[in-house]
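K.L.:
Fold the following and give me the result.
(4 chains)
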2 protein chains.
Amino acid sequence: MQEKSPIFQQIKDYLVGEIASGRWKEGELVPSEQALVRQFGVSRMTVNRAVRELTAEQVLVRRQGSGTYVAPQKYQGTLVEIRNIADEIRARGKQHTSRVLALDEKSADDTLAAEFDLEPGATLFHSLIVHFENETPVQLEDRWVNPVCAPAYLEQDFSRITPNEHLMASAPLQGATYTIEAQPAPEEEARLLAIGAGAPCLVLHRRTTSAGRVASVATMWHPGHLARFTGSV
Amino acid sequence: MQEKSPIFQQIKDYLVGEIASGRWKEGELVPSEQALVRQFGVSRMTVNRAVRELTAEQVLVRRQGSGTYVAPQKYQGTLVEIRNIADEIRARGKQHTSRVLALDEKSADDTLAAEFDLEPGATLFHSLIVHFENETPVQLEDRWVNPVCAPAYLEQDFSRITPNEHLMASAPLQGATYTIEAQPAPEEEARLLAIGAGAPCLVLHRRTTSAGRVASVATMWHPGHLARFTGSV
DNA sequence: TAGTGGTCTAGACCACAGC
DNA sequence: CTGTGGTCTAGACCACTAT
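P.N.:
Numbers count the residues shown, from 1 in each chain, chains lettered A, B, ... in the order given. Next comes the predicted model:
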């Protein structure tokens, strides 16, 4: 069972629950402190603490004299965590779909071999997938995978799970290094993302390691006007 | 001059000041709530709020039954450059210079006021600086500063030190949130960075906080073909 | 004007640490 | 045991918004 938590925490949980469930939508008015005082039968200071902390956490927005509202949608692209794009899209209440453009096995050229710390010509798995939010392409994922780390990679149905999800399940992730760049979209990438050639793209290049091996190298293209990475220190 | 702030904020400022000045060192015991109640002549709830918020901000650590202590040093986030651009350029063996295009005092519009959590019309310091690596512009830094956190900002010579360096010396940095976007360079930004209008830029927007106040909000434009953020997890 | 949030008071009881 | 932090109460006054 659940340990009994402080009242202010229970109220926070209740408020967050109403928002997470979708019953209270972005921008909507939230019950006033007085209303919550009556609803929970506690003092106003207790309700105040719950609401004030959620405001500090950017879950709610308060306007003196007016009321308390559900804060605007959280930004996307958590840089620190290794969340996958499908979760992120679902977390925003949108529908995630993906189209698998390629899923095959190739030989590593010199550049790739160097990134994987393997011999040139070594076999690598490769996938090319476009991710959609509702009907809009939001990411082109060009991924290379070390067969040792995910032997069943080619047998996955990547319209149902993301490569990231499969890799997380196959090999314990040890760490990742990434670079972020702004680049003009080349012809092919632009076409797949349904943007103009040369349009600014946010390019995330990520290399993950598992058990001392390079497990995966991915280049992810995002239309500049749709993507944004956020983080905090 | 400065508006009178709430008592709990004054207590926070006092506590942070003692730490920032070095009078209270890392790990040291801080006066108890009762002591602060006597010192400031306020109720315990008010003191409690000040200390609780500083605990949430990782400035203090509390141990029930024992006391309140100055928190251990913040771990240095290896995420996205908390380092300043001048150091980075020098580290690459190139010469850093900068040109100060503006250094003045302005009123906050609604957007800025919201970011600073101040009232619209509040006075903010503003600077606009181009950073060069050898003779090439590599960053356009558009920065707004809370006068409370860096009163002497306008008197600095930013061709010699960077705004970042001055801010770090003026107010203990508690944290930062940032967003990274790819955007086409607007006319003015393109001109200052000596690139074509509409060329992809890597835009870093960073908001730093100190003692629960927003100390600084900066937007940094980098030519997409010159800039790259790196990190690891 | 009535309702909202922003702050503050002067108590209280509890769990826990250290002596 | 005393002193600490953790929580909570039942009021209060104020500034602000909406009507």
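K.L.:
Tell me where chain A has strands.
P.N.:
Along chain A, the stretches classed as strands by DSSP state E are A:29-30, A:60-63, A:67-70, A:96-107, A:123-133, A:136-145, A:175-184, A:200-210, A:213-223, A:229-232.
K.L.:
Contacts for the first one, please.
P.N.:
The set of residues external to strand A:29-30 that reach it, using CB atoms under 8 Å, 6 or more residues apart in numbering or on different chains, is A:Leu15, A:Trp24, A:Val51, A:Leu60, A:Gly67, A:Thr68, A:Tyr69, A:Val70. Quick note: C-beta positions are derived from backbone N, CA and C, even for glycine.
K.L.:
Pull out the buried members of the residues you listed.
P.N.:
The neighbour-count test (16 or more other CB atoms under 10 Å in any protein chain shown) marks A:Leu15, A:Trp24, A:Val51, A:Leu60, A:Thr68, A:Tyr69, A:Val70 as buried among the contacts of strand A:29-30.
K.L.:
Run through the bridge partners of the last one.
P.N.:
Per DSSP bridges, the residues bridged to A:Val70 are A:Leu60.
K.L.:
so how far is DNA strand C from whatever residue of chain A ends up closest to DNA strand D?
P.N.:
Residue of chain A nearest DNA strand D, by CB to the nearest atom of the strand: A:Gly65 (2.2 Å). Counting by CB to the nearest atom of the strand, to the nearest Å, the gap from A:Gly65 to DNA strand C is 3 Å.
K.L.:
Could you pull up the residues touching that residue?
P.N.:
With the criterion set at CB under 8 Å, 6+ apart, A:Gly65 makes contact with nothing.
K.L.:
So it versus A:Ser32, what's the distance?
P.N.:
Taking CB to CB, to the nearest Å as the criterion, A:Gly65 is separated from A:Ser32 by 11 Å.
K.L.:
likewise A:Ile7?
P.N.:
Taking CB to CB as the criterion, A:Ile7 is separated from A:Ser32 by 18 Å.
K.L.:
Nearest residue to A:His131 in space, please, no chain neighbours.
P.N.:
With CB to CB, 6 or more residues apart in numbering or on different chains as the criterion, A:His131 has its nearest non-adjacent residue at 4.3 Å, and that residue is A:Gln139.
K.L.:
burial measure for the one you found, as a count.
P.N.:
Neighbouring residues of A:Gln139 were enumerated by other CB atoms under 10 Å in any protein chain shown; the total is 23.
K.L.:
my guess is it meets A:Met220, correct?
P.N.:
Yes: with contact defined as CB atoms under 8 Å, A:Gln139 and A:Met220 form a contacting pair (5.5 Å).
K.L.:
For the closest residue to A:Leu202 other than its chain neighbours, give the beta-bridge partners.
P.N.:
What sits nearest to A:Leu202 in space, not counting adjacent residues and going by CB to CB, 6+ apart, is B:Ala182, at 4.0 Å. In this structure, B:Ala182 has beta-bridge partners B:Leu202, where bridges are defined by DSSP bridges.
K.L.:
Who are the contact partners of B:Ala182?
P.N.:
Counting by CB under 8 Å, 6+ apart, B:Ala182 makes contact with A:182-183, A:200-203, A:222, A:224, A:227, B:200-203, B:224.
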